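Asker: pasted the sequence and its predicted model underneath.
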Amino acid sequence: MSNPVTTTEPAVDALQPAARRPRAPRLPWAGYLAGKLAASVVSFAVTLVIGFALFNLMPSDPVRTMTRGRPVSPAQLIQLRAQLGLDKPVWQRFLDFVNDTLHGRLGYSWEYQRSVASLVMDHVGPTLLLMGTSFVISVLLGLWLGQRSGWRAGSRFDRITSSLALTLWSVPTFWLGMILLMVCSVGIGPIHGFLPAGGMSDPSLPGSGMAHYVDVARHLVLPALTMILVVYAQYVTIMRSSIIEETGSPYLLTARAKGLTDDAVRRRHAMPNALLPSVTMIFMHLGTLISGAVTVEAVYSWPGLGDLTYEALQIPDLPLLQGTFIVFSASVIIMNLLADLAYRFLDPRVRAQ
């Protein structure tokens, strides 16, 4: 008599597909966004406090500075302080400042007798032209040189590129601007100046047409070159370090084992992963585009927000300084928020947190 054939049921765990296994909990997108927005609001609130304290609690007397060299009686000084709101208590001036800022009113310039918002709008165009041009060129040049330098670490190209980048990064911006101004505009010895010394355009030329655009481009060369030489070095250094960290990763060895060329491994695998640390730097510089460079615009008399801020510091024009400070700070806060949001899409490790 034969033994009965027994059948066994397969284990349920063995048949469960691996895709159905529980995953690590992820922070919902709405919660992540709410947290970043809350942090940005707190940063902006701190900016309001710092901006008010920085320009309203300084020991200088704006009224005395504005009336310097003019015969003004004490009664007129008191009247002028009342017109400017400087006779109010500090706490009341702070509340008025916060209320005006939240309603989009940046104040009224004492020196220019115009609203700060209109002055910002008049000067933001030249600043975006200068900073936007130098930003794009700096990013492209810095990332290209950095990834090639890091991929061939220790080579002659790497030593020259890294040394030049560190040298330019450490040079004061105003000093570099003055050197370029003397060489390329004023001229030294047998070298004659071949570029405009300052400003944005030649007032003797018409304000439109191809001749005007060519003239603006010639005036743009020196200030943009100054910014590029200083800013691109940061991207070279960061990109080079990121590439060096990725060179020994196992996934690069796997890519080479599949028969990919060295350039293909660098472009398709090493470059995308090494680019992540540079994203923060890119967004941080995007936040400073609207603020411009005070030193560069002052050296080349470029009519942007940086030059406007420099002139306001000499008085000091407190409403104008407060308004530009708020605009500059808000742009940096917004770009940092966008950088955090972009990181969540670019880096899976952030999404898993």
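Answerer: Now that the structure is in, tell me what you want to look at. A quick note: this is a predicted structure, and the numbers were derived from the prediction, not measured.

Asker: got a list of what the most centrally placed residue in the chain touches?
Answerer: In the chain, the centroid-proximal residue (C-alpha atoms, centre = their mean) is His285; its distance is 2.0 Å. Counting by C-beta atoms under 8 Å, 6 or more residues apart in numbering, His285 touches Phe135, Ser138, Val139, Val231. (Each C-beta comes from the backbone N, C-alpha and C, glycine too.)

Asker: the residues you listed: which two are farthest apart?
Answerer: Val139 and Val231 (8.5 Å; C-beta to C-beta).

Asker: where along the chain do the strands fall?
Answerer: In the chain, the strands defined using DSSP state E lie at 187-188, 191-192.

Asker: residues contacting Val98?
Answerer: Val98 sits next to Leu48, Phe52 when contact means C-beta under 8 Å, 6+ apart.

Asker: Ile137 versus that one, what's the distance?
Answerer: Here the criterion is C-beta to C-beta, to the nearest Å. By it, Val98 lies 39 Å from Ile137.

Asker: and the residue lying closest to Met178 once chain neighbours are set aside, how many neighbours?
Answerer: In space, and not counting its chain neighbours, Met178 is closest to Val299: 6.2 Å by C-beta to C-beta, 6 or more residues apart in numbering. The burial count assigned to Val299 is 23, neighbours taken as other C-beta atoms under 10 Å.

Asker: which residues touch Val299?
Answerer: Taking C-beta under 8 Å, 6+ apart, we find Val299 in contact with Phe174, Gly177, Met178, Leu181, Gly198, Pro223, Thr226.

Asker: which pair in those residues spans the largest distance?
Answerer: Spatially, the most separated pair among the contacts of Val299 is Phe174 and Gly198, at 13.7 Å (C-beta to C-beta).

Asker: contacting residues for Met63?
Answerer: Rather than Met, residue 63 is Val. Leu77, Leu80, Arg81, Leu84, Leu86.

Asker: okay, stretch 105-119 in CSV with CA atoms only?
Answerer: Extracted in CSV, the C-alpha atoms of stretch 105-119 (Å, rounded to 0.1, in the frame of the first residue of the first chain):
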residue,chain,number,x,y,z
ARG,A,105,5.6,100.6,1.5
LEU,A,106,9.4,100.9,1.6
GLY,A,107,9.4,104.5,2.8
TYR,A,108,10.3,107.9,1.3
SER,A,109,13.9,108.9,0.5
TRP,A,110,15.1,112.0,2.2
GLU,A,111,17.8,112.7,-0.3
TYR,A,112,15.9,112.0,-3.6
GLN,A,113,12.5,113.1,-2.3
ARG,A,114,10.9,110.0,-4.0
SER,A,115,9.5,106.7,-2.8
VAL,A,116,12.1,104.1,-2.2
ALA,A,117,10.1,101.6,-4.3
SER,A,118,10.4,103.8,-7.4
LEU,A,119,14.1,104.3,-6.8
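
Asker: neighbouring contacts of that stretch?
Answerer: Residues outside stretch 105-119 that contact it (C-beta under 8 Å, 6+ apart): 62, 66, 84, 100, 104, 120, 308, 311-312, 315, 317-320, 322-324, 326-327.

Asker: so which bits of that stretch are buried?
Answerer: For stretch 105-119, the neighbour count (16 or more other C-beta atoms under 10 Å) marks Leu106, Gly107, Tyr108, Ser109, Trp110, Glu111, Tyr112, Ser115, Val116, Leu119 as buried.

Asker: max pairwise distance over those residues: which two?
Answerer: So, the buried residues of stretch 105-119 by C-beta to C-beta: farthest apart are Leu106 and Glu111, at 14.5 Å.

Asker: burial measure for the residue lying closest to Leu337 once chain neighbours are set aside, as a count.
Answerer: Nearest residue to Leu337, sequence neighbours excluded (C-beta to C-beta, 6+ apart): Ser40, at 4.9 Å. Using other C-beta under 10 Å, Ser40 has 16 neighbouring residues.

Asker: pLDDT weak spots in this structure?
Answerer: Applying pLDDT under 70 to the chain picks out residues 1-27, 58-62, 64-69, 186-193, 207, 290-292, 346-353.

Asker: ok, back up a step: neighbour count for Val139 and Val231, which is higher?
Answerer: Val231 (24 against 19).

Asker: count of neighbours near the nearest residue to the more buried one once chain neighbours are set aside?
Answerer: Spatial nearest neighbour of Val231, chain neighbours left out: Ser138 (4.2 Å); criterion: C-beta to C-beta, 6+ apart. Around Ser138 there are 24 other residues, counting by other C-beta under 10 Å.

Asker: can you tell me how far Ser138 sits from Phe97?
Answerer: Distance from Ser138 to Phe97, counting by C-beta to C-beta: 35 Å.

Asker: likewise Val299?
Answerer: Separation of Val299 from Phe97 (C-beta to C-beta): 32 Å.

Asker: swap in Ser162?
Answerer: 46 Å.

Asker: how about Leu318?
Answerer: 10 Å.

Asker: shared neighbours, those two?
Answerer: Joint contacts of Leu318 and Phe97 (C-beta under 8 Å, 6+ apart) are Asn56.

Asker: quick one: which of the contacts of Val299 is nearest Trp151?
Answerer: Sorting those by how near they are to Trp151, with C-beta to C-beta, puts Thr226 at the top with 29.0 Å.

Asker: ok, the closest one - contacts?
Answerer: Applying C-beta under 8 Å, 6+ apart, the residues near Thr226 are Thr173, Leu176, Gly177, Leu180, Val296, Val299, Tyr300.
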